[in-house]
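S.K.: how would this look folded up:
(one chain, ligands or ions: 1)
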Amino acid sequence: MFFDGRFNDLCGAQSEMSRYNQRMSKLKGRRKQLGVAQPQATHASGATYQTYKETQRLVIRPWDDYDAEELFELAKEPEIGFWCGWEPHKHIEDTLFVLHNFLEVSETYAICLKDSGKVIGSIGLHFKGNTDLTDKDDECELGYWVGKAYWNNGYVTEAANEMIRHAFMDLDVSTIWCGYYDGNDRSKRVQEKLGFIYHHTSYNVEVRQLNTTRTGHVNYLTKEKWCKKA
Ligand SMILES: CC(C)(COP(=O)(O)OP(=O)(O)OC[C@H]1O[C@@H](n2cnc3c(N)ncnc32)[C@H](O)[C@@H]1OP(=O)(O)O)[C@@H](O)C(=O)NCCC(=O)NCCS
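M.R.: Prediction:
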């Protein structure tokens, strides 16, 4: 996940708390209405689809300000941000800033346990302008993480399989790109399990928020290959 520079500026975080309080009062009661609703979204291609998705063990649904506290508990763990290229969240204001600017956007979803509704991670498709991996309209990058307590349960593979289906079948994407930083063998393994194929390695990739450079490996999956496997 080679993020662009939008994570650099967290200085707007102070005002996030007051925006959060305002939104929370407006949102009271809305969650109840949304509980069983299946809101639809329309993609640039004109495709209409459900924004709430279910797999065997998971619900994959849009992020909401209500998720701030659960998200903070997950994102304050340094190992998550380290591999994704961002700073661990230090204050709930950091979490709110990230929710408002990066997560409460089209095609980025909270991964939740179906049984409890608990938020365990994030998964998203990043299109032209929000990814360094492609500038084509019909391609995207897949990005994901789950809280450390939930690793190695197959959750990201399960969520990603649904997002891949969604990208190819609902959004008519032709190719999905997915990367990982050198040494992230867990993510490498996830991409292997999903059927991604090695494409190239980039050296000295700027990781702006962590003020460093790294080696990044880039994989891809075409709709054609996925259809043959499915
Ligand atoms: C990478 C990550 C998303 C994987 O999520 P997950 O839900 O644990 O993934 P899964 O359980 O579906 O699969 C993990 C696989 O990695 C394997 N694995 C675990 N530790 C490993 C290691 N040190 N080396 C190699 N493989 C490893 C697991 O055995 C499993 O493979 P298997 O099913 O063949 O046994 C999760 O560890 C994470 O969020 N890490 C921090 C953030 C991150 O790296 N995000 C991705 C950025 S590219």
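S.K.: and the next element down the chain from the helix or strand of the chain with the lowest mean pLDDT?
M.R.: The helix or strand of the chain with the lowest confidence, counting by mean pLDDT, DSSP states H and E, is helix 30-34 at a mean of 45. Next in sequence after helix 30-34, counting helices and strands by DSSP states H and E, comes strand 40-42.
S.K.: contacts for that following strand?
M.R.: Applying CB atoms under 8 Å, 6 or more residues apart in numbering, the contact partners of strand 40-42 are 48, 49, 50, 51, 106. C-beta here means a position set from N, CA and C on the backbone, and glycine is covered the same way.
S.K.: neighbours of residue 95, how many?
M.R.: 26 (other CB atoms under 10 Å).
S.K.: grab the nearest non-local neighbour of it.
M.R.: Closest residue to residue 95 apart from its sequence neighbours, by CB to CB, 6 or more residues apart in numbering: residue 72 at 4.2 Å.
S.K.: quick one: residues contacting that neighbour.
M.R.: By CB under 8 Å, 6+ apart, the contact set of residue 72 is 89, 92, 94, 95.
S.K.: isn't there a strand covering the last one?
M.R.: If I follow you right, that is residue 95. No: the assignment for residue 95, made by DSSP: H, G, I helix; E, B strand; the rest coil, is helix rather than a strand.
S.K.: can you tell me the element the most centrally placed residue in the chain falls in?
M.R.: The centroid of the chain falls nearest to residue 123 when counting by CA atoms, centre = their mean (2.8 Å). Assessed by DSSP H and E, residue 123 sits inside strand 119-126.
S.K.: tell me the mean pLDDT over that strand?
M.R.: The average of the pLDDT scores along strand 119-126 is 98.
S.K.: could you do stretch 62-69 as well?
M.R.: The model assigns stretch 62-69 a mean pLDDT of 93.
S.K.: same question for stretch 143-154.
M.R.: Taken as a whole, stretch 143-154 carries a mean pLDDT of 98.
S.K.: buried stuff in it?
M.R.: For stretch 143-154, the neighbour count (16 or more other CB atoms under 10 Å) marks 143, 144, 145, 146, 147, 150 as buried.
S.K.: write out the residues of the protein neighbouring the ligand.
M.R.: Listed as neighbours of the ligand in the chain under the rule CB under 6 Å from any ligand atom: 1, 80, 83-84, 144-146, 151-157, 180, 184-187, 189-190.
S.K.: hmm, 8 Å instead?
M.R.: Proximity of the chain to the ligand, by CB under 8 Å from any ligand atom, involves residues 1, 79-84, 121, 143-148, 150-160, 178-181, 184-190, 192-193.
S.K.: buried subset of those?
M.R.: Applying 16+ other CB under 10 Å to these flags 1, 80-84, 121, 143-147, 150, 155-156, 159-160, 178-181, 184, 187-188, 190 as buried.
S.K.: which of those residues fall within helices?
M.R.: Using DSSP state H, the members of these that fall in helices are 80, 81, 82, 83, 84, 155, 156, 159, 160, 187, 188, 190.
S.K.: and stretch 96-116, which residues are buried?
M.R.: 96-100, 102-104, 107-112.
S.K.: again with stretch 203-210
M.R.: 205, 206, 207, 208, 209, 210.
S.K.: run a quick neighbour tally on the closest residue to residue 178 other than its chain neighbours.
M.R.: Sequence neighbours aside, residue 142 is the residue nearest to residue 178 in space, at 4.6 Å (criterion: CB to CB, 6+ apart). Residue 142: 27 surrounding residues under other CB under 10 Å.
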